[in-house]
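Peer 1: just need the structure, nothing else, for what follows:
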Amino acid sequence: MMSKKLFVIGATLAVTLALAMPASAQSGDTATGVVCGSKAGERQTCAADTTRGVTLVKTTGPVACVLGTTWGIDEKSIWVRDGCSAEFSLGAKATGGSGFGTYTPGRGFKVADTKSGDLNIRLYGYARYLNQRALDPTYTDSFGKTSEVKQRQDVQFSKALVFFQGWFMSPKLRYSVYVWTSNTSQGLPAQVVVAGYFAYAFNPHVTFGVGINGLPGARSTEGQWPNWLGADNRLIADEYFRPSYTSGLFARGEIAKGLTYSVMWGDNLSQLGVDAGQLGNDMKTVSGAVAWMPTTGEYGPTSGFGDFEAHEKVATRFGVHYTYSDEDRQSQPGTESIENSQIRISDGNLVFTPGLFGPGVNISDVVYQMESVDAGVKYRGFALEGEFYWRHLSNFRGTVEGLPFDHLTDTGIQVQASAMVKPKMAQLYLSGSKVFGGYGKPSDVRFGINIFPWKNQMVRWNTEVTYLNRSPVGYSSVPYPVGGRGPVFHSTWEVSF
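Peer 2: Predicted structure coming up:
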């Protein structure tokens, strides 16, 4: 079954690449400029000779212009969408340097700009006050085992990421390398991660890459981060079901206006915190997603949550996702790894825990399949968005005599509603999620506010109150622990430029 899936994925990628027809960047000594702009909820195309390369010189509006998301090129034009407005340079510059020091929201500061390539440095980080002292001090799982719940109260500079991004030799050959550290995980494996990828944008329909990337098995791993309602933490149903980040081959692009796809063939569900020696040699992980935005052809920068842009026309989105992975115990990240993604049952226990399902029962391998569908609508600062999850665990291997089941199926749902109560300045949101599992039905409800002091999404102050009901997930870099029951308060100052 897996070999057939790999064959189909491989054949699809091969045909897609064969049809891509890339154009080579040519050398030249002249450059001309083009200004191209769009409003929220629309896409504009500006005629341009892009065969000698295109460089974004500076943005001329408040919305981030992100290559491949809110702007891009084809053989005869530059396209911009959803509020991206910018000045572009066509052709190689004789001396380079004219873009040095410029700032592009979402891309950072340009520190090198030559006819052979450019380099942008971008920073993401946040400081958080967290108070979990009102949580119940203990938690009893579905097997009757009672464990202590850590009730934290602290202030942390919780996470810092430095991105080095740009193009080399051709504007279509992109790179992204980053250093990622989680200070709440000091001393633990993968507390510091250095990772990245290379990608080639053949045209708006095909970008092909290799390296670390998110498996697109849920909306939050498609690339929306950090444009979430909460500051760098998911609702517990999303955290419970989703895949994570791994190394592999990936492709993404636009099938038609308002219809996009992304696929990945990777090493496992989550490679961060797992060394290559722990991985199997069969690469039995595949994931894909298709998103349709029928009314406006877009859903905001990175297709993020909430309507900061205040769409003047109703924007809608529908997405479907699928992930398959044959996982083994050895290839799992630690429970406190920097980007934790573990296969758990709905009371929070890890499925690979020795003896969990009976004396002498030790699961070493399992097949994980997860499907999700999402839908959303945005209009004039209001947004209503939801996602449904279905996860099936099967083909348990190891010492499984006496295992009381041959498969486990869990479902879940999350719903998020938000409103820009003051345009570009203040946003309120209410959200919740629930897991329907054979070992419990945990849930959470959240109310929060985002303040944008500079009227953009690069800096925000997020304050949130969460009520947890027996959380099945948790680790030190998120504001909820496994087994948590009760209210949690946290306030976060986040910077992303």
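Peer 1: domain parsing for this protein?
Peer 2: Taking automatic domain parsing as the reference, the chain has its domains at 31-101, 118-496.
Peer 1: hey, least reliable of those by pLDDT?
Peer 2: By mean pLDDT, the lowest-scoring of the domains of the chain turns out to be domain 31-101, with a mean of 74.
Peer 1: can you map out the strands along the stretch 351-497 of the chain?
Peer 2: 362-379, 382-399, 407-422, 426-436, 443-451, 459-469, 485-496 (DSSP state E, counting those that start in this stretch).
Peer 1: format those as a markdown table; extra columns: mean neighbour count and distance to G217.
Peer 2: C-beta here means a position set from N, CA and C on the backbone, and glycine is covered the same way. Converted to a markdown table, the strands of the stretch 351-497 of the chain look like this (neighbours: other CB atoms under 10 Å; distance: least, CB to CB, whole Å):
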| stretch | mean neighbour count | distance to G217 |
| --- | --- | --- |
| strand 362-379 | 20 | 6 |
| strand 382-399 | 18 | 10 |
| strand 407-422 | 18 | 13 |
| strand 426-436 | 20 | 16 |
| strand 443-451 | 19 | 21 |
| strand 459-469 | 19 | 24 |
| strand 485-496 | 19 | 24 |
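Peer 1: okay, those strands in CSV with distance to N268 next?
Peer 2: Below are the strands of the stretch 351-497 of the chain laid out as CSV (distance: least, CB to CB, whole Å):
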stretch, distance to N268
strand 362-379, 10
strand 382-399, 15
strand 407-422, 19
strand 426-436, 23
strand 443-451, 27
strand 459-469, 28
strand 485-496, 28
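Peer 1: how far out from the middle of the chain is stretch 77-84?
Peer 2: Offset of stretch 77-84 from its chain centre (CA atoms, centre = their mean, to the nearest Å): 22 Å.
Peer 1: what sits up against that stretch?
Peer 2: Stretch 77-84 is contacted from outside by 34, 36-48, 50, 54, 59, 61-66, 70-73, 86, 88, 204, 297-301, 309, using CB atoms under 8 Å, 6 or more residues apart in numbering.
Peer 1: drop anything exposed from these.
Peer 2: Neighbour-count burial (16 or more other CB atoms under 10 Å) applied to these gives 34, 36-44, 48, 50, 54, 59, 61-66, 70-73, 86, 88, 204, 297-301, 309.
Peer 1: mind listing what V179 touches?
Peer 2: Contacts of V179 by CB under 8 Å, 6+ apart are L161, V162, V192, V193, V194.
Peer 1: can you pick the most crowded of those?
Peer 2: For the contacts of V179, the largest neighbour count, defined by other CB atoms under 10 Å, is 19 neighbours, found at V193.
Peer 1: that one sits in which helix or strand?
Peer 2: Using DSSP states H and E, V193 falls within strand 192-203.
Peer 1: could you list the buried residues of the helix or strand just after that strand?
Peer 2: Sequence-wise, the next helix or strand downstream of strand 192-203 (DSSP H and E) is strand 206-214. Residues V206, T207, F208, G209, G211, I212, N213, G214 are the ones in strand 206-214 that count as buried (16+ other CB under 10 Å).
Peer 1: and if you look at stretch 108-127?
Peer 2: By neighbour count on 16+ other CB under 10 Å, the buried set for stretch 108-127 is 108, 110, 113, 115, 117-122, 124-126.
Peer 1: among these, name the ones in strands.
Peer 2: Judged by DSSP state E, strands contain the following of those: G108, K110, D113, G117, D118, L119, N120, I121, R122, Y124, G125, Y126.
Peer 1: three-state assignment of V34?
Peer 2: strand (DSSP: H, G, I helix; E, B strand; the rest coil).
Peer 1: that one pairs with what?
Peer 2: As for beta bridges, V34 partners with F88 under DSSP bridges.
Peer 1: does it touch A86 like I think?
Peer 2: No. In this structure, V34 is not within contact of A86 by CB atoms under 8 Å, at 9.2 Å.
Peer 1: got any residues that touch both of those two?
Peer 2: Joint contacts of V34 and A86 (CB under 8 Å, 6+ apart) do not exist.
Peer 1: about what we covered before: got TSV for the buried residues of stretch 108-127, with distance to F157 too?
Peer 2: Formatted as TSV, the buried residues of stretch 108-127 follow (distance: CB to CB, whole Å):
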residue	distance to F157
G108	19
K110	26
D113	31
K115	39
G117	32
D118	29
L119	25
N120	23
I121	19
R122	17
Y124	12
G125	7
Y126	8
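Peer 1: with respect to A426, which of those residues is nearest?
Peer 2: Y126 (18.5 Å; CB to CB).
Peer 1: list the contacts of the closest one.
Peer 2: Y126 touches F157, S158, K159, A231, D232, T492, W493, E494, V495, counting by CB under 8 Å, 6+ apart.
Peer 1: how about a cut-off of 7 Å?
Peer 2: S158, K159, A231, D232, T492, W493, E494, V495 (CB atoms under 7 Å, 6 or more residues apart in numbering).
Peer 1: just grab the bridge partners of it for me.
Peer 2: Bridge pairing for Y126 (DSSP bridges) gives the partners K159, E494.
Peer 1: state the distance from it to Y480.
Peer 2: 16 Å (CB to CB, to the nearest Å).
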